[in-house]
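In: This is a predicted model, with the sequence first.
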Amino acid sequence: MMSTAGGMEVGIVKVGAVSNRGFTPEEIAEQALDQIISIGNNSHPVIQAQAEAFRTEIGSVLVAYLKQAVASHNTTLTNRFRDAGHPELVKLLEV
Amino acid sequence: MAITINTAMPTSFKVELLKGLHDFTAGSTRFKMALFVATASGSGTYGAATTNYSDMGADELTTATGYTRPGQLLTSVTPTADGTTAILDFTNETWGSSTFTTCGGLIYDTGNSDSACAVLSFGGDQAVSSGDFQIQFPAAAAATAIIRIA
């Protein structure tokens, strides 16, 4: 016997847009979490709570490392500006 | 007239899948995403009947601040299975330093004569001004993935 249940579907994309700036580490971490962890509405409440706690923990780690990446990249840009003879541009990187 | 976009898998794409005309294996550089203009700026209807990138015509954003026709290359993740459902995923796609308004997108295959793979509505106009615009694909799971075959 063959079952023919099933179908082909298209998922729902989310759109992120920010004006006059790029995404912050917190915003990018949230996007990454959506890819890493998916918590089903039908999951057992205990499992949901554990998953939410895990999501929060992972989110904190991601934000911390993304901030380090931004700071490290700013160091690279600082050296490039200085090497190019434009040390005054370094001030633009200071938040 | 206004543009109408219904999130859908083109019927032609389903047929092409059965003919083996699309290969989403990671590393392929053939899938692109093009963006539609703002709702009030367009006039076409897009959805299951859309067959090709060329259908967009003047309803695609023009090359301007942050957007370049014919859209941007997507990074595909090799299809896999979640339970009994085959799923496909792409890496989130960003248009940097952009200023535009769009109401949807079209994923198409440059490796198969620009045939349409998915029509995506953004649920209304989405605007960005001198900032980053990003398409965030859903989690690669049986109930959520961008393209699913159950």
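Out: Perfect, thanks for sending it.
In: Please, where are all the helices along the chain?
Out: Let's take chain A. For chain A, the helices defined by DSSP state H occupy A:25-36, A:45-83.
In: Chain B, not that one
Out: Counting by DSSP H, chain B has helices at residues B:11-18.
In: can you count the residues close to residue 57?
Out: Unless you meant another one, I'm taking chain A. Residues lying near residue A:57 (other C-beta atoms under 10 Å in any protein chain shown) number 10. Where you see a C-beta, it was placed from the backbone N, CA and C, and this is true even at glycine.
In: please go with chain B instead
Out: Look at residue B:57: counted by other C-beta under 10 Å, it has 10 neighbours.
In: which helices and strands does the helix or strand bottoming out on mean pLDDT in chain A pack with?
Out: Here the helix or strand of chain A ranked lowest by mean pLDDT, DSSP states H and E is helix A:25-36, holding a mean of 89. With contacts taken as 3 or more C-beta pairs under 8 Å, 6 or more residues apart in numbering or on different chains; DSSP states H and E, helix A:25-36 sits against strand A:14-17, helix A:45-83, strand B:115-136.
In: Give me whichever of those is most buried.
Out: Across those, the average number of neighbours (mean count of other C-beta atoms under 10 Å in any protein chain shown) peaks for strand B:115-136, which reaches a mean of 20.
In: is any part of that one close to chain A?
Out: Yes: judged by C-beta under 8 Å from any C-beta of the partner chain, strand B:115-136 comes into contact with chain A through B:118-120, B:122, B:126-136.
In: near chain B, which residues of chain A show up?
Out: A:5-23, A:31, A:34-35, A:37-38, A:40.
In: rewinding a little: can I get the helices of chain A in TSV including distance to residue A:91?
Out: Output for the helices of chain A, formatted as TSV (distance: least, C-beta to C-beta, whole Å):
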stretch	distance to residue A:91
helix A:25-36	21
helix A:45-83	10
